[in-house]
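S.K.: The amino acid sequence is not available; the structure is as follows:
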């Protein structure tokens, strides 16, 4: 997987910093956050610099629950949600593509969780993210 590019610890990610990196996916970024703010107004966004990955990540939360992580790449961005095993049935019965279902089923476990990552390149990726956020929001 391509490494995130926001590596300057002293440069907080603002739209002026982020948008040039997103390239043609800027519209998808705007659409994603328009959707999140409309459907999930209680989701909170927090940029944090992580020393282990030497980059900035956007953490999206609801109260104390982490919903997803978003990282910026060259001309793209990715969104990752982590789920425990109890999400297996919901994910397998969801409208997610077989690619994402397989990613979860065969993904590397980090303790008791494993992730599904969407790399934003096309409009369909936004629809996948909507399904993924809906699943994440439902799972307790």
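M.R.: Ah, there it is. Values in this document were obtained by computation on a predicted structure and should not be read as measured data. Numbers count the residues shown, from 1 in each chain.
S.K.: who does the residue sitting nearest the centre point of the chain bridge with?
M.R.: The centroid of the chain falls nearest to residue 79 when counting by C-alpha atoms, centre = their mean (1.8 Å). Beta-bridge partners recorded for residue 79 (DSSP bridges): residue 70, residue 118.
S.K.: Surely it touches residue 126?
M.R.: No - if you go by C-beta atoms under 8 Å, residue 79 and residue 126 don't touch, sitting 9.9 Å apart. (C-beta placed from N, C-alpha, C; glycine too.)
S.K.: Where does the prediction get shaky in the protein?
M.R.: In the predicted model of the chain, residues 1-4 satisfy pLDDT under 70.
S.K.: tell me the strands in it, going along the chain?
M.R.: 44-50, 55-62, 65-73, 76-84, 113-120 (DSSP state E).
S.K.: neighbours around the residue nearest to residue 113 when sequence neighbours are not counted, how many?
M.R.: Spatial nearest neighbour of residue 113, excluding adjacent residues (C-beta to C-beta, 6 or more residues apart in numbering): residue 82 at 4.4 Å. Counted by other C-beta atoms under 10 Å, the residues lying close to residue 82 total 20.
S.K.: on that earlier part again, return every residue with contacts to both of residue 79 and residue 126.
M.R.: 32, 120 (C-beta atoms under 8 Å, 6 or more residues apart in numbering).
S.K.: distance between stretch 57-65 and the chain's centre?
M.R.: The chain centre lies 11 Å from the centre of stretch 57-65; the measure is C-alpha atoms, centre = their mean, to the nearest Å.
S.K.: same question, stretch 122-140
M.R.: 9 Å.
S.K.: Can you list the buried residues in that stretch?
M.R.: Neighbour-count burial for stretch 122-140 flags 125-126, 128-133, 135-136 (criterion: 16 or more other C-beta atoms under 10 Å).
S.K.: so can I have a markdown table of these showing distance to residue 22?
M.R.: Formatted as a markdown table, these follow (distance: C-beta to C-beta, whole Å):
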| residue | distance to residue 22 |
| --- | --- |
| 125 | 13 |
| 126 | 13 |
| 128 | 18 |
| 129 | 15 |
| 130 | 19 |
| 131 | 22 |
| 132 | 20 |
| 133 | 19 |
| 135 | 25 |
| 136 | 23 |
